[in-house]
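[1] one predicted model, sequence on top.
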Amino acid sequence: MSHSSPKFLEDLNSRVKARMFGWSLGPVAVVATALSLLLLRLWNLEVAPPGFYSDEMNVAANTVCLRHTGVDLWGNGWSFGSGGPVNDFGYVIGLTGHTHMLASVWFVLAGDSIVAARSFAVLISLVIVACTTGIAYNFVGRSGAVWALGLSAVSPWTWTLSRVGFLTDFGNMHLFIGLWLLTRHVRRRDDPRIHEVVVAGLLFGVSLWSPYSTFATGFSAIVFSLYLLRQKRLPGATALFWANLAASYAVWQFSLGKFSNTRIGQMAIFDELAREQTVLNKVAALVRICWNGLFEYLSLDFWVFKGDTNLRHHSGWGGMLSWPQILLVALSPIAVVIGWRMRLKLTGVVNLLTVSAVGIIGGLLTTMITGEGPHANRLLVAAPFFVLGCVAIGMTLTPYLKFLPVMCVVLGVSFFSFFLRDYFSDYPVRAYGWFQSDIRREGEIARRTGDFSAFYSKKDSFTAKYGLLSEPGLIFFEAAGSGKGCPGYGK
């Protein structure tokens, strides 16, 4: 038996490889585990996170009102930019019309519920994971795609924020779909096709609508254009790309009207720049803010130990990066040395690392100018770019450190086991107040009893406890509970 077992396992592995497109058992196990963990994002959404934060309520209420009554919270009908909800601070958050259109379709299928609102955000995050995996595949092949899928699945950063109904990732999604389209030709080893350039330009224009992905999108567009123009390649395609980007951006900005820039107006940098009188002083202030912001992000507490201290953005267990990512980042100096020496043979890896660096720098610049310190939600666009950077590091080191993939798998499974245990047991208790859980409790009682007057009578006490809280957010519970949209509002 001892002599036949290795032969049996070898034959089994050969048969599995033949059936799984030449893959060995290891990558198949990684893919299966990663897909299971990604689908787990849809589990127990009504329990963790607890409560239902006002930004989630606002977005969901706007969609529910449009679906049932044909008008948004302000009485505006369906359009490219169907108004926008107000957040806690009184700023209007502009949301594009197709945000509500897609959300409405999902609400029809899943119901007007907290689970529906949060699962819509999860679906958006899964699209981004698919695109991240596709981008890695385009540059470095199947092994890179497995790395990207595995690292995405155990990311505590994207896990936490994917389960909150902020829809921050909606603008980011357009960027990553566009990047996947623009990099498909790398795998084919030919030039980008016209339809890929056209659609990517339109998607980039939509992504520019979101203040959180603006710099990452703009920098990516510039780098792609320089790539196309290198050695006078495809100048017509470059012009077409920018024409579609500009047209798409203009349509969304004009449609959103006054709602388009109110979120940007919160950023502390604009107040400070307004106080400076001369251009040189404004430039000096901008450099100072960005420089100080950069040092705030150079924090091991944020990346490794504690993460974002806002429990709506992070669970509070560990940092923003998973253990495999921390290991790969720690090994990056070795990867740089190897990459420099082997750069002619690692073109795909170098290009992938370039895409990663451009996205990370763009994301960091967006958040650095807010003056609010490390902010995982506003930096969310950088999370998939961090994954791509780690893929590049892993692909560079694996030929020299054969044990590295196995070590990353062990670290990833161990890390995420501890993370999930804390997330579903301790995190709901720890984050109870962060998600205004008492508002949810009272709102659900009102939905069951039909006594919404008692619910609204608590509005002043909610406002005193949590700060300025808009009435449209509270309307979600009545709109969803009654099935009649926004009762008496906006009329």
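    Thanks, I have the structure now.

[2] what comes up buried for stretch 401-412?
    Residues Leu404, Pro405, Cys408, Val409, Leu411, Gly412 are the ones in stretch 401-412 that count as buried (16 or more other C-beta atoms under 10 Å). (C-beta placed from N, C-alpha, C; glycine too.)

[3] any idea which helix or strand carries the last one?
    Okay, so that is Gly412. For Gly412, the host element (DSSP states H and E) is helix 404-425.

[4] beyond that helix, next helix or strand please.
    Scanning onward from helix 404-425 (DSSP H and E), the first element met is helix 427-430.

[5] would you mark the buried spots in that next one?
    Within helix 427-430, the residues that qualify as buried are Tyr427, Pro428, Arg430, counting by 16+ other C-beta under 10 Å.

[6] give me the residues contacting that helix.
    Val47, Ala48, Pro49, Pro50, Leu311, Ser315, Gly316, Trp317 (C-beta atoms under 8 Å, 6 or more residues apart in numbering).

[7] please repeat the previous calculation with a cut-off of 6 Å.
    If you take C-beta atoms under 6 Å, 6 or more residues apart in numbering as the criterion, helix 427-430 is touched by Val47, Ala48, Pro50, Ser315, Gly316.

[8] buried members of these into ChimeraX, please.
    Per 16+ other C-beta under 10 Å, the buried members of those correspond to this ChimeraX selection:
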select :48,50,315,316
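
[9] show me where this structure has its strands.
    Using DSSP state E, no strands are assigned anywhere in the chain.

[10] so in it, which helix runs the longest?
    What stands out as the longest helix in the chain, according to DSSP state H, is helix 114-153.

[11] for that one, buried residues please.
    Within helix 114-153, the residues scored as buried using 16+ other C-beta under 10 Å are 114-140, 143-153.

[12] got the buried residues for stretch 372-383?
    So, applying 16+ other C-beta under 10 Å, buried residues of stretch 372-383: Pro374, His375, Ala376, Asn377, Arg378, Leu379, Leu380, Val381, Ala382, Ala383.

[13] so which helix or strand of this protein has the lowest pLDDT on average?
    helix 4-19 (a mean of 55; mean pLDDT, DSSP states H and E).

[14] how far does the helix holding Gly412 sit from its chain's centre?
    The chain centre lies 21 Å from the centre of helix 404-425; the measure is C-alpha atoms, centre = their mean, to the nearest Å.

[15] show the pLDDT at Pro85.
    On pLDDT, Pro85 comes in at 51.

[16] can you check Trp291 too?
    Looking at Trp291, its pLDDT stands at 81.

[17] contacting residues around Thr398?
    The contact partners of Thr398, taken as C-beta under 6 Å, 6+ apart, are Leu404.

[18] brain fart, Asn377
    Listed by C-beta under 6 Å, 6+ apart, the contact partners of Asn377 are Thr168, His313.

[19] from Arg163, how far off is it?
    Asn377 sits 13 Å away from Arg163, taking C-beta to C-beta, to the nearest Å as the criterion.

[20] likewise Thr396?
    Thr396 sits 33 Å away from Arg163, going by C-beta to C-beta.

[21] what of Gly362?
    Distance from Gly362 to Arg163, by C-beta to C-beta: 25 Å.

[22] next: Arg440.
    Look at Arg440 and Arg163: by C-beta to C-beta, they are 15 Å apart.

[23] nearest to Leu234 among the buried residues of stretch 372-383?
    Set against Leu234, the nearest of these by C-beta to C-beta is Val381 (26.8 Å).

[24] how about stretch 120-128 as CSV, C-alpha atoms only?
    Extracted in CSV, the C-alpha atoms of stretch 120-128 (Å, rounded to 0.1, in the frame of the first residue of the first chain):
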residue,chain,number,x,y,z
PHE,A,120,-26.1,45.4,-4.1
ALA,A,121,-22.8,46.8,-2.8
VAL,A,122,-21.4,43.3,-2.5
LEU,A,123,-22.3,42.5,-6.1
ILE,A,124,-20.4,45.6,-7.2
SER,A,125,-17.4,44.5,-5.2
LEU,A,126,-17.5,41.1,-6.9
VAL,A,127,-17.5,42.7,-10.3
ILE,A,128,-14.3,44.6,-9.3
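
[25] what comes into contact with that stretch?
    Contacts made with stretch 120-128 from outside it, assessed by C-beta under 6 Å, 6+ apart, are listed as 41-42, 103, 106, 158, 162, 165, 167, 169-170, 173, 176, 384.

[26] mind listing the helices for the stretch 101-250 of the chain?
    Applying DSSP state H, counting those that start in this stretch to the stretch 101-250 of the chain gives helices spanning 114-153, 156-162, 169-188, 194-207, 214-229, 235-256.

[27] out of the ones you listed, which gets nearest to Leu327?
    helix 114-153 (11.0 Å).

[28] so how far is the closest one off the chain centroid?
    With C-alpha atoms, centre = their mean as the basis, helix 114-153 stands 10 Å off its chain's centre.

[29] just for the stretch 201-350 of the chain, where's the confidence low?
    Scanning the stretch 201-350 of the chain for pLDDT under 70 picks out 231-233, 255-274, 343-344.

[30] again, only this time at 80
    Counting by pLDDT under 80, the ranges of the stretch 201-350 of the chain that qualify are 209-211, 230-235, 252-277, 279, 282, 285-286, 289-290, 292-293, 342-346.

[31] got phi/psi on Pro49?
    Recorded main-chain torsions at Pro49 are phi -70, psi 160, according to degrees, to the nearest 10.

[32] what's near enough to touch the residue nearest to it when sequence neighbours are not counted?
    Leaving aside its chain neighbours, Pro49 sits nearest to Phe435 (5.2 Å; criterion: C-beta to C-beta, 6 or more residues apart in numbering). Neighbouring residues of Phe435 by C-beta under 6 Å, 6+ apart: Pro49, Pro50, Gly51, Tyr53.

[33] of those residues - the most surrounded one?
    Compared across those, Pro49 has the highest neighbour count, 26 neighbours, by other C-beta atoms under 10 Å.

[34] in terms of neighbours, single out the busier of Thr396 and Arg163.
    More crowded of Thr396 and Arg163, by other C-beta under 10 Å: Thr396, with 26 against 21.
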